[in-house]
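Sequence below, structure please.
(one chain, ligands or ions: 1)
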Amino acid sequence: MDLNSIMDMTDKYTMNVFSRTPVCFTHGQGICLWDTEGKKYVDFLAGIAVSVLGHAHPRLVKAISDQAQRLIHCSNLYYIENQARLAKLLVENTCADKVFFANSGAEANEGAIKLARIYFKKKGMPQKYKIITLVNSFHGRTLATTAATGQVKYQEPYTPLTPGFLSVPINDMDALVKALDENTCAIMLEPIQGESGVNPLTAEYMRGIRELCDEKGLLMILDEVQTGMGRTGELFAYMHYGIEPDIFTTAKGLGNGVPIGALCAKDSVARAFQPGDHGSTFGGNPLSCAAGLAVMETLLEENLVKNSREMGSYLMEKLSLLKDRYGLISQVRGLGLMVGIEFTGELGVKVKELLLARGYLVGSVGKSVIRLLPPLIVSKDDIDGFISAFDAVLGELSEQQEEPAQN
Ligand SMILES: Cc1ncc(COP(=O)(O)O)c(C=O)c1O
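Numbers count the residues shown, from 1 in each chain. Got it, this is the predicted structure:
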């Protein structure tokens, strides 16, 4: 089908919730994608931090093809070997003792919220239900995760919101302490806020929250849906700060595009869930866990977390040179391969479009930020290619800005 027919059919038959770029990909390989017109793109967005192994990774393709031929689904009424093996791998490589598998990031977060509440109910403290989150956070699109998300634009159309959430400005310990009361049960946050433009929390703040939670008997919940699976140069971002959350969630990169989310917790907390307290029809099925296993094993065996760290530093270094060369960039921020570039003016969408025309995919956030989330297999050559395209785009934009206004 040609692009116009696909776009017409999409507009006619699907709900109009996405602002889509007029491109449709037919296939991918490694860090590249091809569209219906045969044009090649280099993927510096990875489906919004999902395709950590790039596209059509042979190990993942084999794992899901083999599993699909044997058994795709059987329900959690029975034992599932891949689920047990993936949970073991997550536990052995993180601070968690127990895992529950969901189908998405929002669902994993929904599970985290439920776990925090039931934990205190079962401790005989039903009054502890409030969760403090952060302004400009993003935790998902379900009703509870929308209430947890500290952005009015996502909440306003769906009021009344699920009660029990309050958000405070990031990196402000005083505001956080002031927001606590005897009903607070947990603090929930992303180590780096992805959807609002790659805003990292300081190490001091992260450690301060851990101490505060210990002191007040609160649960620290980290949403690592985007920062997890090696994205920031550690397997999970909390590992940068020398702290351990009580609960963390992950999704996106875990299945490299096969839908799966994970709610991970310390045993003392996870024990609050007993049969019937939570569940999922699809969560943890043999197919999605085969994908998760192939992704985790490849990340670990092929040292892709180290590559994320090293390529992240290389990318940052090259971007700072461009920041110094042109007056168009006000800040480059992030960790590992999660990078945000803020422009001095409202150039985000324009830069994204100009890069697209040159065959590079990046994401824009709001009016003045673009974000880069390349697959963790990215190489120096790939980064050099991106930097020269970005250099050309910035050159083009500076010339335009220097041209005298015509009247
Ligand atoms: C930090 C964070 N949490 C949760 C979500 C929601 O994940 P999903 O879209 O898989 O439900 C996202 C998605 O962007 C995210 O970045």
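
all contacts plus neighbour counts: C-alpha atoms, from now on.
Will do.

Alongside the ligand, which residues does the stretch 51-200 of the chain contribute?
With C-alpha under 6 Å from any ligand atom as the criterion, the stretch 51-200 of the chain meets the ligand at residues Ser104, Gly105, Ala106, Phe138, His139, Gly140, Glu190, Gly194, Glu195.

Tell me, how many residues neighbour the second one?
Put plainly, it is Gly105. Residues within reach of Gly105, counting by other C-alpha atoms under 10 Å, total 26.

Stretch 194-209: how far from the chain's middle?
Distance of stretch 194-209 from the chain centroid (C-alpha atoms, centre = their mean, to the nearest Å) equals 14 Å.

And stretch 315-334, by the same measure?
The mean C-alpha position of stretch 315-334 is separated from the chain mean by 23 Å, C-alpha atoms, centre = their mean.

now do stretch 371-385
Going by C-alpha atoms, centre = their mean, the spacing between the C-alpha centre of stretch 371-385 and its chain's C-alpha centre is 17 Å.

does it come close to the ligand?
No. Using C-alpha under 6 Å from any ligand atom, stretch 371-385 stays clear of the ligand, coming no nearer than 11.7 Å.

what does that stretch contact?
30-31, 43-46, 48-54, 197-198, 230-231, 304-305, 307-308, 311, 314-315, 337-341, 362-365 (C-alpha atoms under 8 Å, 6 or more residues apart in numbering).

Quote the end-to-end distance of that stretch.
17 Å (C-alpha to C-alpha, to the nearest Å).

on that earlier part again, keep only those of the residues of the stretch 51-200 of the chain next to the ligand that are in helices.
Gly105, Ala106 (DSSP state H).

Could you rank the residues of the stretch 51-200 of the chain next to the ligand by neighbour count and give me the top one?
Highest neighbour count within those, by other C-alpha under 10 Å: His139, with 29 neighbours.

Quick one: buried ones out of the contacts of stretch 371-385?
Among the contacts of stretch 371-385, those buried by neighbour count (16 or more other C-alpha atoms under 10 Å) are 30-31, 43-46, 48-54, 197-198, 230-231, 304-305, 307-308, 311, 314-315, 337-341, 362-365.

Of those, which belong to strands?
The strands, defined by DSSP state E, take in Asp43, Met338, Val339, Gly340, Ile341, Gly363, Ser364, Val365 from those.

would you turn the residues you listed into TSV with pLDDT?
Below are those laid out as TSV (pLDDT from 0 to 100):
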residue	pLDDT
Asp43	98
Met338	98
Val339	98
Gly340	98
Ile341	98
Gly363	98
Ser364	97
Val365	96
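
and which of the residues of the stretch 51-200 of the chain next to the ligand is nearest Met9?
Closest approach between these and Met9, by C-alpha to C-alpha: Ser104, at 26.4 Å.

mind listing what Arg231 touches?
By C-alpha under 8 Å, 6+ apart, Arg231 lies in contact with Ala49, Val52, Ala237, Val305, Ser308, Gly336, Leu337, Met338, Leu373, Leu376.

can you pull the pLDDT of the second one?
The one in question is Val52. With respect to pLDDT, Val52 has a value of 98.

do the same with the first one
If you check Ala49, the pLDDT there is 98.

Which residue is the nearest non-sequential neighbour of it?
Distances taken as C-alpha to C-alpha, 6 or more residues apart in numbering place Leu373 nearest to Ala49, at 5.5 Å, with adjacent residues excluded.

tally of neighbours for that neighbour?
Leu373 is flanked by 28 other residues according to other C-alpha under 10 Å.

And Ile370, by the same measure?
Neighbour count for Ile370, taken as other C-alpha under 10 Å: 24.

again, but for Arg59
Around Arg59 there are 15 other residues, counting by other C-alpha under 10 Å.

and it, which of the three is it?
Under DSSP: H, G, I helix; E, B strand; the rest coil, the three-state class of Arg59 is helix.

Distance to Pro163 and pLDDT for the residues of the stretch 51-200 of the chain next to the ligand - can I get that in CSV?
Formatted as CSV, these follow (distance: C-alpha to C-alpha, whole Å; pLDDT from 0 to 100):
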residue, distance to Pro163, pLDDT
Ser104, 22, 98
Gly105, 20, 98
Ala106, 17, 98
Phe138, 17, 98
His139, 15, 98
Gly140, 16, 98
Glu190, 20, 98
Gly194, 24, 97
Glu195, 23, 96
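
in the chain, which spans are helices?
Counting by DSSP H, residue ranges of the helices within the chain are 3-13, 46-49, 58-70, 81-92, 105-122, 143-148, 152-155, 173-179, 203-216, 267-270, 286-301, 304-325, 348-357, 380-402.

avg pLDDT for the longest one?
Averaging pLDDT along helix 380-402 gives 95.

Buried ones in it, by neighbour count?
Across helix 380-402, burial judged by 16+ other C-alpha under 10 Å covers Asp382, Ile383, Phe386, Ile387, Ala389, Phe390, Asp391, Val393, Leu394, Gly395, Leu397.
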